[in-house]
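**Student:** Next input, structure requested:
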Amino acid sequence: MDIGTIYFWGKTKYWWTLIVAGLLMITCGFWLWSQPALGYEVLSLLLGWIVILFGVVQLVVSSSVKQRVRGWGWWLAGGIIDILIGFILVGNLSFGEAVLPFFFAAIFLYKGVSNLFSAFSMISTEKYWWLYLINGLLLSTLGILFFSMPFMATFSIVFLCAVAFVYWGVSLLLFGCSLRPSGK
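**Tutor:** Residues are numbered from 1 along each chain as shown. Below you'll find the model as predicted:
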């Protein structure tokens, strides 16, 4: 949910794909929370498939915009990159386990900073700019936590990732609802 996405509001008929992805993220988060013993091993594989799914969702949303609006290319590029990273994580489980904390840290820090910039650019134009501000602060904090303790006990990473999946899923649900085309 960065600055490129605000140009998509009400302009795609595939808004529901973000809701489906959000529901899957929430389900994965709760499963991860309930299975901490298996969590770290499965987390790398799970992350790979979720990143592939999110990449496909980004490709669908970017290709379905009725008119080429500003920012659609970033969604297209992000979708392709997400799919490639997802296949790398699915294909090499030991590599995925080694880079997992750093991967999450980079994603959350990037998304957090981009949401902060989006919030400040939307202050005068959007009513719910403060949601982006809260989202940016939480994601940035989570990214810094992942960078500061990458090799702590696996249970810490598993529980932080479970919370992150649930939060990310709720964010996707809300964003998918906001993308629903208006009746205009």
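**Student:** all contacts plus neighbour counts: C-alpha atoms, from now on.
**Tutor:** Will do.
**Student:** Which stretches in the protein count as helices?
**Tutor:** Using DSSP state H, the helices of the chain run over 16-34, 36-63, 72-91, 93-121, 129-148, 154-179.
**Student:** Distance of residue 58 relative to residue 43?
**Tutor:** Between residue 58 and residue 43 the computed distance is 22 Å (C-alpha to C-alpha, to the nearest Å).
**Student:** repeat for residue 127
**Tutor:** 36 Å.
**Student:** So the two - more neighbours on which side?
**Tutor:** residue 43 (23 against 9; other C-alpha atoms under 10 Å).
**Student:** what comes up buried for stretch 93-101?
**Tutor:** Under the neighbour-count criterion of 16 or more other C-alpha atoms under 10 Å, stretch 93-101 has 93, 96-97, 100-101 buried.
**Student:** Report the contact partners of the nearest residue to residue 86 once chain neighbours are set aside.
**Tutor:** Nearest non-adjacent residue to residue 86, counting by C-alpha to C-alpha, 6 or more residues apart in numbering: residue 48, 4.1 Å away. By C-alpha atoms under 8 Å, 6 or more residues apart in numbering, the contact list for residue 48 reads 85-90.
**Student:** before we move on, what about residue 116?
**Tutor:** Residue 116 touches 132-133, 135-137, counting by C-alpha under 8 Å, 6+ apart.
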